[in-house]
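Asks: what shape does this take:
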Amino acid sequence: MKQPSTGATFLRIKAAGIVTAVLSIAFFAVASAPISAQNGSVKVGVLQSLSGTMAISEVTVKNATMLAIDQINASGGVLGKKIVPVVEDGASDPAVFAQKAQKLIQEDNVVTVFGGWTSASRKAMLPVFERFHSLLWYPVQFEGNECSPDIMYSGAQPNQQILPALQWAMEHGKKRIFLLGSDYVFPRTANYILKKHIAHDGGTVAGEEYVPLGGTDFSSVIAKIKAARPDIIFNTLNGDSNVSFFKQMAAAGMTPDKLPVMSFSIAEQEAHAMGPSLVQGSYAAWNYFQSLHNPMNRKFVAAYKARFGRDSVVDDPMVHGYEDVYLWAAAVKKAGSFDPMKVRAAAIQLDWQNSVMGSVKFADNQSLYQTAYVGQLQPDGQFNILWQSKEPLRPEPYDPLAFPGRSCPAK
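Replies: Just a heads-up that it's a prediction; the model follows:
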């Protein structure tokens, strides 16, 4: 197997160092999380970046999560108890996410936590949840290669987002692909998987570049893109780096109508915040678009706009954050308990028919079956759906071409 790049190795070492430092300070008390469900209420954690480079994406996931909590409370709560959210700011910093996760579990006594976006934040939180046997509901697409009994992964695995996008691109003659991402776990691992499949499918990697998370200078990257002359850019930039990238691409005369860009972390919310005209005509791959036509989606969009403003938009991570609360509540009812491990066992038995995304269910690896979509951004900031998978795709945490022989068994 090809060895990971020096940058990827450094990131893992750095992440491990952060987590070790946090754990050495933090984990000195109890070995399991207390379950707090008293006095007619039950506390849950809501942990997203409300500040920093990732706030452009994560604040609205927090909003959608809060909407679901309020709706469930209005209908009577869970097991007769009102849900009380304890909201914390991860501040776009993995170490802060780990610290706040422990606070929620140990000090606030929450029964579960909803949150996280970047894989760096998730990996920093993972040892916390495994140490205290609590349960994190993670709503965002990621690189796979992980299967913890203490995380419910409702976001897409690689075979449910990046690989369908590659299939679509190759079928449309876009075989010279430039890989651009933020310099952390998800983009590097996603691109490692993509490179295996590009070579296997007869394509060419025209270039591969990374910038620091939150980076704003793309002058050298754009020069390399010009020289490489790709058919399409696969963009795994995260946060507000996307604003700088698309502005500088436009200034260089490389607008999406001249050089297509397929993004994996730009959805309706980011397009709205950036200004749709900046990214109009670019592509994105997700498991949900606001433009989906079904009654539950229309109801959700209307409820979100009524709560957060008529000009608000919704997107894939927001819907997964919203659905996670409903899935947790359904699992609690099925289990008849707030105990995280009983809830986990119940969750993978659910066949949830009332989803905004249609019928959804967890596989035994605690990831959702997902329908994949490719869309193109329109002038109004909505995506025109160009392609979808024939059926919901079973999640494969370990890509068989990039990581042969590795699997994620039921736990």
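Asks: is it correct that V96 falls within a strand?
Replies: No - V96 is assigned helix when assessed by DSSP: H, G, I helix; E, B strand; the rest coil, not a strand.
Asks: how does this protein divide into domains?
Replies: 25-156+297-347, 159-291+373-388 (automatic domain parsing).
Asks: from the chain's centre, how far out does the longest one sit?
Replies: Here domain 25-156+297-347 shows a centroid-to-chain-centroid distance of 13 Å under the convention CA atoms, centre = their mean, to the nearest Å.
Asks: rewinding a little: would a markdown table of the domains of the chain with mean pLDDT, mean neighbour count and distance to V360 be doable?
Replies: Placement of C-beta: from N, CA and C, glycine included. Supplementary listing: the domains of the chain in a markdown table, determined by pLDDT from 0 to 100; neighbours: other CB atoms under 10 Å; distance: least, CB to CB, whole Å:
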| stretch | mean pLDDT | mean neighbour count | distance to V360 |
| --- | --- | --- | --- |
| domain 25-156+297-347 | 93 | 21 | 7 |
| domain 159-291+373-388 | 96 | 20 | 9 |
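Asks: between the ones you listed, which one is closest to D399.
Replies: domain 159-291+373-388 (4.9 Å; CB to CB).
Asks: so M125 touches Q99, yeah?
Replies: No - with contacts counted by CB atoms under 8 Å, M125 stays clear of Q99, the gap being 9.6 Å.
Asks: quick one: the strands in the chain?
Replies: Using DSSP state E, the strands of the chain run over 41-48, 82-89, 113-115, 136-138, 151-153, 176-182, 204-211, 232-236, 261-263, 283-286, 373-377, 383-388.
Asks: and the third one, what does it pack onto?
Replies: Helices and strands touching strand 113-115, by 3 or more CB pairs under 8 Å, 6 or more residues apart in numbering; DSSP states H and E, are strand 41-48, helix 55-74, strand 136-138, helix 316-335.
Asks: what's next to it, contact-wise?
Replies: Applying CB atoms under 8 Å, 6 or more residues apart in numbering, the external contacts of strand 113-115 come out as 44-48, 61-62, 65, 90, 101, 104-105, 129, 134-139, 321, 324-325, 328.
Asks: partner strands of that strand and their direction?
Replies: Strands that pair with strand 113-115, judged by DSSP bridges, come out as strand 41-48 (parallel), strand 136-138 (parallel).
Asks: out of the helices and strands packed on strand 113-115, the one nearest K226 is which?
Replies: helix 55-74 (27.3 Å).
Asks: ok, now which ones touch the residue nearest to W387 when sequence neighbours are not counted?
Replies: Of all residues not flanking W387 in the chain, V374 sits nearest, at 4.4 Å (CB to CB, 6 or more residues apart in numbering). The contact partners of V374, by CB under 8 Å, 6+ apart, come to P164, A165, W168, M262, Y283, A284, A285, I385, L386, W387, Q388.
Asks: check the gap between the first one and V140 for me.
Replies: The reference is to P164. In this view, P164 and V140 are 17 Å apart by CB to CB, to the nearest Å.
Asks: same deal with the fourth one?
Replies: Taken as CB to CB, the spacing of M262 relative to V140 amounts to 17 Å.
Asks: what's near enough to touch the residue nearest to V96 when sequence neighbours are not counted?
Replies: Residue nearest to V96 in three dimensions, not counting chain neighbours: G90, with 5.4 Å by CB to CB, 6+ apart. With contacts defined as CB under 8 Å, 6+ apart, G90 is in contact with L47, Q48, S49, L50, M54, E58, V96, F97, K100, G115, G116, S121.
Asks: next one: the second one from F97, what distance?
Replies: Which is Q48. From Q48 across to F97, the span is 9 Å (CB to CB).
Asks: leaving out chain neighbours, which residue sits closest to the residue most central in space within the chain?
Replies: The centre of the chain sits closest to V140, judged by CA atoms, centre = their mean, with a distance of 1.3 Å. Once flanking residues are discounted, V140 sits nearest to G155: 4.3 Å by CB to CB, 6+ apart.
Asks: I figured the one you found hits L136, correct?
Replies: No - contact criterion CB under 8 Å: G155 and L136 do not qualify, at 11.9 Å.
Asks: just grab the bridge partners of L136 for me.
Replies: Going by DSSP bridges, L136 is paired in beta bridges with V113, I151.
Asks: give me every residue that touches it.
Replies: Counted by CB under 8 Å, 6+ apart, L136 has contacts 101, 112-116, 122, 125-126, 129, 150-152.
Asks: let's see it at 7 Å
Replies: Contacts for L136 (CB atoms under 7 Å, 6 or more residues apart in numbering) come out as V113, G116, M125, F129, D150, I151.
Asks: okay, now P404: neighbour count?
Replies: Neighbour count for P404, taken as other CB atoms under 10 Å: 10.
Asks: let's see the pLDDT reported for it.
Replies: P404 is assigned 93 on the pLDDT scale.
Asks: phi and psi next, for it.
Replies: phi -60, psi 140 (degrees, to the nearest 10).
Asks: going forward, the N-terminal residue is numbered 50.
Replies: Sure, I'll start counting at 50 from here, so that last one is P453.
Asks: state the distance from it to E372.
Replies: Distance, P453 to E372, using CB to CB: 32 Å.
Asks: thinking again about what came up before, turn the strands of the chain into CSV, columns for distance to D360.
Replies: Below are the strands of the chain laid out as CSV (distance: least, CB to CB, whole Å):
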stretch, distance to D360
strand 90-97, 21
strand 131-138, 23
strand 162-164, 25
strand 185-187, 28
strand 200-202, 31
strand 225-231, 28
strand 253-260, 31
strand 281-285, 25
strand 310-312, 22
strand 332-335, 20
strand 422-426, 17
strand 432-437, 17
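Asks: which non-adjacent residue is nearest L96?
Replies: Counting by CB to CB, 6+ apart, L96 lies nearest to G164, which is 3.5 Å off, once chain neighbours are set aside.
Asks: so how far is F411 from the one you found?
Replies: According to CB to CB, G164 stands 18 Å off from F411.
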